[in-house]
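Enquirer: Below: sequence and its predicted model.
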Amino acid sequence: MTFKRRITSLLSSKGKLEQAIHLMETGETVRGFALLSRMAAQGDMEASFRVGRAYLDGAGVPPSLEEGARWILGAAEAGHVEATFVLATLYTVGLPEGFEIRAQTAGLDLSARPVSGERHSDFHQGRHWAQVAADAGSADAQALLGYILTNGPEDLRDLPRARALYEQSAAAGCSQGHLGLALAILHSAETEDARKIAASHLKEATKGGLGTAFDILGRMSEAGAGVPQDMGAAARYYRQAAERNIVGAQARYGLFLLEGVGVELHYGRAETWLRRAALNGDAESAALLGDLYAKGGELPPNLMEAASWYRLAAEQKHGGAARALGLLYLTGNGVHRDPDVATHWFRVASESGDHHADADFGNLILTGASATDDQKQALKERFERAAEKGDLVGAFNLGVCFAEGVGSTQDAAEAARWMQKATDGVVNAQFWYGRMLLEGRGVQPDPTQAMHWMEKAADAGMAEAQVAVAQLLVTGQINGRRDHARALSLYQAAADSGNTDAMFSLAAMYGGGHDVEENRSDAQKWFRKAAQRGNGLAQLMLGRYLVRGIAGVTDLVEGRSWLERAKAQGIQDAEAELINLDDARADEDD
């Protein structure tokens, strides 16, 4: 700073203000704030405003909402337009409950602590100060007043006036004005021309870096509304909105990366953006992360991680995630096995509208999970009412009630009657009814029809049905029909969905002795998968494979470990294998 400028700054209020602003903008915020505070205490309106902003931003002084708002109020009352707009914004965004903006007093309280707590909007005060600033020509305040008249309490709403304010603000080049006007147009848009005009205003809003504008343009580009349908453009808009912390855009961009839509498929980046969206409260992203970890992609499945994300989504009443979490607790995959916890999550899923979970929930609670007689009776009555109205899931669960004697004595014929009604749309009912036909429970035995219904359930993706049908095709139990190739395919499908019994049976088929090509390497792989999920027989077989080198790799240490696990589960052949292993080692030592 030149000598002349330094002297000027000492003699002129304007010079002092310029020096203080220069210090604040060049990183010397403590010195700048000290100079501003002295000027503010002497009644300088601009300095008062900047002191208030410094407190709100924590620039050169510890942040303090109380002190910041106090100085902003003083500047606004003195007629400072920008301070008036900031004050309107504070009231509109919200202040902690019980917090009052008091008129400034002489001196500054440097020991003031930040005020925290849930914020509550005061739209009426916000409207008053926004009106003052808007009348003074503030384009930002015009946009804010338009927002208040659009989204505030019913007694303040005035959509035609709000739109006029947005138009006035946008004409002055305000990004928020362009955004507000675009939203107002889209609210009543009935033609493509109107949507095109809205898109043009959104593009102007993006010049101000407004994340919401990028997000809406992404959705319009994805749908081809107001702009040409362009998934690449949608992905770019979503990315820019996501980087500005728009949660919905983080979710969409993560999904685009996961599926390779409009952008190169990238599991790692997809996981990053879905994680950010999920942690910001997006339940669908949390559920997608659960699916990603459950199924595996570039990395092996991680069911513990899947369970944590499913739980995050389920706690927000996401039906699909709650059902998935219930299934994990039911099977003990990734979490400890607990039918009662499974019942809880199936209930959450059912109450959230997931009809598949309704079947799982009813089936589980009626056949073993803890529930009082009154609870079971109430559940049966609920299903009975639904079934009589034609609800197929209710018919299925009512069939379970009669089959298991819940709320009444067992009645296999009634169970079969309701199960048959439910076969029109409930996969579980198709499988149950098929088993009843196979076993002659409540109906005349009919193996051919039994196979028909169980195959329908298997073809619909029900893992339990796939395993049952595959077993029947291996043994030829029904009409002597054997089809090992189809059995292998069904076992494969069930194994891929996480069914442990299917994993073991698939491995056994690959191990030889069936009408399919032997593949001992694949057999060992599937024995391992089943063994890792606690299947005792699979642990025995994996131990044998490793000890004997059946798949080409011998590992006595790991093989022994799996045999010992199988023995701990009471698998008798495991003990014999361990004795043979010890005898072989003793012979080698001799």
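Expert: In hand now; what should we look at?

Enquirer: what comes up buried for stretch 482-496?
Expert: Neighbour counts over stretch 482-496 (16 or more other Cβ atoms under 10 Å) mark 483, 484, 486, 487, 488, 489, 490, 491, 492, 493, 494, 495 as buried. From N, CA and C alone the C-beta is placed, and that goes for glycine too.

Enquirer: Looking at those, which are in strands?
Expert: Among the buried residues of stretch 482-496, no residue falls in strands (DSSP state E).

Enquirer: Okay, and which of those map to helices?
Expert: Cross-referencing the buried residues of stretch 482-496 against helices under DSSP state H gives 484, 486, 487, 488, 489, 490, 491, 492, 493, 494, 495.

Enquirer: Of those residues, which is the nearest to residue 209?
Expert: residue 493 (48.8 Å; Cβ to Cβ).

Enquirer: now that closest one: how far from residue 464?
Expert: 12 Å (Cβ to Cβ, to the nearest Å).

Enquirer: residue contacts, residue 240?
Expert: 206, 211, 214 (Cβ atoms under 8 Å, 6 or more residues apart in numbering).

Enquirer: my read is it is in a helix, agree?
Expert: Yes: remark: residue 240 belongs to a helix, assigned using DSSP: H, G, I helix; E, B strand; the rest coil.

Enquirer: thinking again about what came up before, now the buried residues of stretch 482-496 in TSV, with pLDDT and distance to residue 433?
Expert: Converted to TSV, the buried residues of stretch 482-496 look like this (pLDDT from 0 to 100; distance: Cβ to Cβ, whole Å):
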residue	pLDDT	distance to residue 433
483	93	22
484	94	26
486	94	21
487	92	22
488	94	26
489	94	23
490	94	19
491	93	23
492	93	25
493	92	21
494	90	20
495	90	25
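
Enquirer: ok, of those residues, which one's closest to residue 400?
Expert: Nearest member of these to residue 400, counting by Cβ to Cβ, is residue 494, at 22.1 Å.

Enquirer: now the closest one, nearest residue through space, not along the chain?
Expert: residue 502 (3.4 Å; Cβ to Cβ, 6 or more residues apart in numbering).

Enquirer: how far off helix 484-496 does the strand or helix carrying the one you found point, in degrees?
Expert: Here residue 502, judged by DSSP states H and E, is contained in helix 500-510. Angle between the axes of helix 500-510 and helix 484-496 is 140 degrees (criterion: axes from the mean of the first three to the mean of the last three Cα atoms, to 10 degrees).

Enquirer: Mind checking the pLDDT average for the strand or helix carrying residue 323?
Expert: Using DSSP H and E, residue 323 falls within helix 319-331. Averaging pLDDT along helix 319-331 yields 85.

Enquirer: buried sites along the helix or strand just after it?
Expert: Sequence-wise, the next helix or strand downstream of helix 319-331 (DSSP H and E) is helix 339-351. In terms of neighbour count (16+ other Cβ under 10 Å), helix 339-351 has its buried residues at 339, 341, 342, 343, 344, 345, 346, 347, 348, 349, 350.

Enquirer: Tell me how the chain divides into domains.
Expert: The record's domain parsing of the chain by automatic domain parsing lists 1-121, 535-590.

Enquirer: and those, which one's lowest on average pLDDT?
Expert: domain 1-121 - the lowest mean pLDDT of the domains of the chain, at a mean of 81.

Enquirer: ok, back up a step: report the set of residues contacting both of residue 493 and residue 464.
Expert: Where contact means Cβ under 8 Å, 6+ apart, no residue is in contact with each of residue 493 and residue 464.
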